[in-house]
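Asks: This is a predicted model, with the sequence first.
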Amino acid sequence: MPRITVKKRAEVIAEYRIPKRPIVNIGSGKGNEIVIQDKNISEYHCVIQKKEGGYEVKDKNTLTGTRINDKPVTVRDIQFGDVVNIGVHSLVFRSLKSSRTAEAAGAEEKAVVEAQKIYYLLGIYGKFEGRKYELGEGETYIGRENIAPKGMDNDVVLAGDMTVSKGHAKITCGPNQCMIMDVGSTGGVAVNGIKVGQLNEINIRPGDEVAIGRTIFRFVEEGREDYSVPKNYGIFLLKIKQPVTILTTLAVLGFSGFLAYTGINGVMVLNDKPKKVDIDINRYWSPEENVVKTAMSEYDISCTPAIGDINNDGKNDIVYLNSAGSLLAWDGGKGSLLWRPSEIFNSGMTSPALYDMNKDGIKDIIVLSDTSMLYIIDGQSGGIIKREMLGGVIAESSPAIGDLDGDGKPDVAVCSEEGMVHFVYAPGFETNMGKYTEFVEGPIYASPVIIGTKEISPMVVVCSNASKVYFFDGKARSKKTVDLIEKTNKAHLIAAPPGVGDLNGDGIPEVVVVSNVPQYVSSIDISKFSVNWTYFVEPVPPAGLKHSASPAVADCDGDGLKDVIVPSANGRIYCLKGKTGYPSGEMLWSLEIPGAGRFLSSPSVCDFDKNGTADFVLGGEDGSIYLLRNVPSRKEIEVFATLKASNAPITSSGVIGDVNGDGKIDVVCSNVVNTVQVLNTNVKTFGDNLIWPMYLGNIARSGQMAPAKNIWIYVSMIFGGVLLALLLFVSRSTVKAKKMQKRPKVSYL
């Protein structure tokens, strides 16, 4: 079986096996079996074709001609060992058997094989890594240029490496041994790390490593080609290259696998739909130092706890302001205090907010006192970061936090009952921008909310009991007023924060307000500051309540648009269609829960049954927690889980998230006598997930159910892991291909 080795001087360019092909076309054109890029070679230069008893070479009338063993030919038989010269290239015609070593040969062939031994220099490190040079019998000269200073032709040309002399070394191969000589180079020649010395000559054996210039070559016998990294040189990086590459590959693959596993696990968790949603009291959670008071005959809303990781330990904690004026923080899983209670002097009607106010990576606690004081408490230590006197009666208002002026630092908005709207800019920083106060028509019983989208700058919404809604641009400090009596001819005695959400799908959120007496619900378009619709709920709700529950905004009917959920003090829950052509509004459904009493708390939103539509958590006057599920196919809502959580009325909103770190959703609420309950569900979530972490939860931001860990994050993680693995494979293949492209290719024709 013949093979053809293509060389340029001593460098092996390619090798071809031609086991059965009767004719092999050679030239510079793409249509040839052997393509050689050489301007001295014609497009179709010559052929090697099979004939009876052997092979012959035929020139195709070329200008530069074809030579065999340096003799011009037109047609001539060719024998194994002959060299076909075309242009500056040579093609050695050999038998495939000659690639066998003496050890592999049979006894009869041993002498023949030894006589046919061929040696190579393989580039294994440096500029000429991957190159292969054939050492013919006799002398092989090595240098930087084609011709050495003494006029000798260099067979191995290491062009471009200025550390190689024009005439650098000579290798002489005989039947039984090979010798290398430094012919007077500047940089010298080293064999296995030992200098040869100028004009000295030493014996080299297969496996020896020869350093010439910036390249290390391995001297090998034909059939034993080994391009692995140098083994005989004390180059630390070369020695650790392979194990480091393997370890890095395994590490990246492991990391990619971890990402993929985490993503798949997250998707499985978030898609794990319970057959039945259960809720139960965490009987192992008993908060310390919380003063429980006696139930009163008259009561109103109370502080909603907040949940979040305030001590940066990776687990969620619970923050609560009781009616004795103590701010408490507990470890969510154990119920133990994180730090000594802080005295805030509040009657327990304002709710704390959690936000990283000083950008130190730890959530802080923002809370108000009866003495008109704004406190910012360090979540990790319980120490006071900032204390700011505001003015007015603010004991029943909760703070709203957001970046109002676009400087990247969180600001605070607070309302007083008399109608003072305080803007405190960057209070968590020493270089704070101070405060600013606006006056509106009071009384103000509702906490402010901050809204903002890509289309509009951050805006503070303040609802007055005098039927007016005020919109403050946090940066420009301009004010817009919507007079609901003027717009609707109906009095809106608003005593609850508004709900916020995009009801009509235009990308700009609407503001939904609820009045107390009579009970109206109105949707305000903030792009035009007009009223879209007003729905009449109840003429005279039960008396004795100063505040009412806020509405929630979420998709209830599965049409992709947000709707409005309104709990009423008359004991009913209403769902109103967000986008409707009726100026009087449109009800989707209503639900009365016998025995629940009045609903004082605002609803919290979470998709418990994971069907893509919002479910709600409400606390009743009877001390029960109700989980309400949307059934879009029947256009109704139903109670799908309930729990008697307290013997006293539940007067706070529920906050939702994984509090104890068990990978399941918990509900935390408080009642009129300061008791804080942690309620467990069997609904799986991922990590220490927070879904509705504080009073008004996600209402002011989006008005939709907003799981902190969305399924698409995990899908991205899966693709990220696969992509990393693919990237690694491509990178490794590219590096290998880069090295391989320097090596002579071996092809079967």
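Replies: It's in. Numbers count the residues shown, from 1 in each chain.

Asks: Every contact and neighbour count from this point should use C-alpha atoms.
Replies: OK.

Asks: Quick one: distance of stretch 498-509 to the chain centre.
Replies: From the chain centre to the centre of stretch 498-509 is a distance of 29 Å (Cα atoms, centre = their mean, to the nearest Å).

Asks: so how far is the first residue of it from its last?
Replies: 12 Å (Cα to Cα, to the nearest Å).

Asks: Of all the residues in it, which ones are buried?
Replies: Neighbour-count burial for stretch 498-509 flags 498-504, 508-509 (criterion: 16 or more other Cα atoms under 10 Å).

Asks: what's the closest of the residues you listed to residue 190?
Replies: Relative to residue 190, the closest of those is residue 508; by Cα to Cα it sits at 75.5 Å.

Asks: wait, that closest one sits on residue 457?
Replies: No: judged on Cα atoms under 8 Å, residue 508 makes no contact with residue 457 at a distance of 11.2 Å.

Asks: ok, back up a step: need the max-distance pair from the buried residues of stretch 498-509.
Replies: Based on Cα to Cα, the longest span within those runs between 498 and 504 and measures 17.1 Å.

Asks: Next one: residue 157 from residue 370, what distance?
Replies: Plainly put, residue 157 is 90 Å away from residue 370 if you go by Cα to Cα.

Asks: Comparing these two, which shows the higher neighbour count?
Replies: Regarding residue 157 and residue 370, a neighbour count based on other Cα atoms under 10 Å identifies residue 157 as having more, with 25 against 20.

Asks: so what pLDDT did the more buried one get?
Replies: pLDDT for residue 157: 95.

Asks: What residues are recorded as beta-bridge partners of it?
Replies: Using DSSP bridges, the bridge partners assigned to residue 157 are residue 143.

Asks: quick one, what contacts residue 93?
Replies: With contact taken as Cα atoms under 8 Å, 6 or more residues apart in numbering, residue 93 is in contact with 2-5, 78-84.

Asks: In helices only, show me those residues.
Replies: Taking DSSP state H, every one of the contacts of residue 93 sits outside helices.

Asks: Just those: which are in strands?
Replies: Applying DSSP state E to the contacts of residue 93, the entries found in strands are 2-5, 78, 83-84.

Asks: any idea of the mean pLDDT for the helix or strand harbouring residue 122?
Replies: Element membership of residue 122, judged by DSSP states H and E, is strand 119-125. The average pLDDT within strand 119-125 is 93.

Asks: to the chain's geometric centre, what's the distance from it?
Replies: The answer for strand 119-125 is 44 Å, by Cα atoms, centre = their mean.

Asks: Check stretch 220-233 too.
Replies: 43 Å.

Asks: Just the terminal-to-terminal distance for it.
Replies: Start-to-end span of stretch 220-233 (Cα to Cα) is 17 Å.

Asks: How about stretch 126-145?
Replies: End-to-end distance for stretch 126-145: 18 Å, by Cα to Cα.

Asks: same question, stretch 507-527
Replies: 11 Å.

Asks: Going by neighbour count, which residues in that stretch are buried?
Replies: 508-526.

Asks: Alpha carbons of stretch 34-47, in CSV - could you do that?
Replies: What follows is stretch 34-47 as a C-alpha-only set of coordinates in CSV (Å, rounded to 0.1, in the frame of the first residue of the first chain):
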residue,chain,number,x,y,z
ILE,A,34,-3.3,16.4,-3.5
VAL,A,35,-3.4,20.2,-3.4
ILE,A,36,-0.1,22.1,-3.0
GLN,A,37,-0.1,25.9,-2.7
ASP,A,38,3.0,26.9,-4.7
LYS,A,39,3.2,29.5,-7.4
ASN,A,40,5.6,27.3,-9.3
ILE,A,41,3.1,24.4,-9.5
SER,A,42,0.5,24.4,-12.2
GLU,A,43,-3.2,24.0,-11.5
TYR,A,44,-3.1,20.4,-12.7
HIS,A,45,0.6,19.6,-12.6
CYS,A,46,1.1,15.8,-12.7
VAL,A,47,-0.5,12.4,-11.8
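
Asks: who's in contact with it?
Replies: 23-29, 32, 57-64, 66, 86-88.

Asks: Please indicate which of the residues you listed are buried?
Replies: Buried among those by 16+ other Cα under 10 Å: 23-29, 32, 57-60, 62, 66, 86-87.

Asks: Helices - which of those residues land there?
Replies: Among these, no member lies in helices (by DSSP H).

Asks: Let me know the closest of the residues you listed to residue 536.
Replies: residue 29 (86.7 Å).

Asks: And the closest one, how far from residue 9?
Replies: 22 Å.

Asks: Now do the buried residues in stretch 348-356.
Replies: Result for stretch 348-356 [16+ other Cα under 10 Å]: buried residues 348-356.

Asks: Strands of the stretch 601-749 of the chain, start to end?
Replies: Ranges of strands in the stretch 601-749 of the chain, per DSSP state E, counting those that start in this stretch, are 604-606, 615-619, 624-631, 636-644, 655-657, 664-670, 676-684, 690-692, 745-748.
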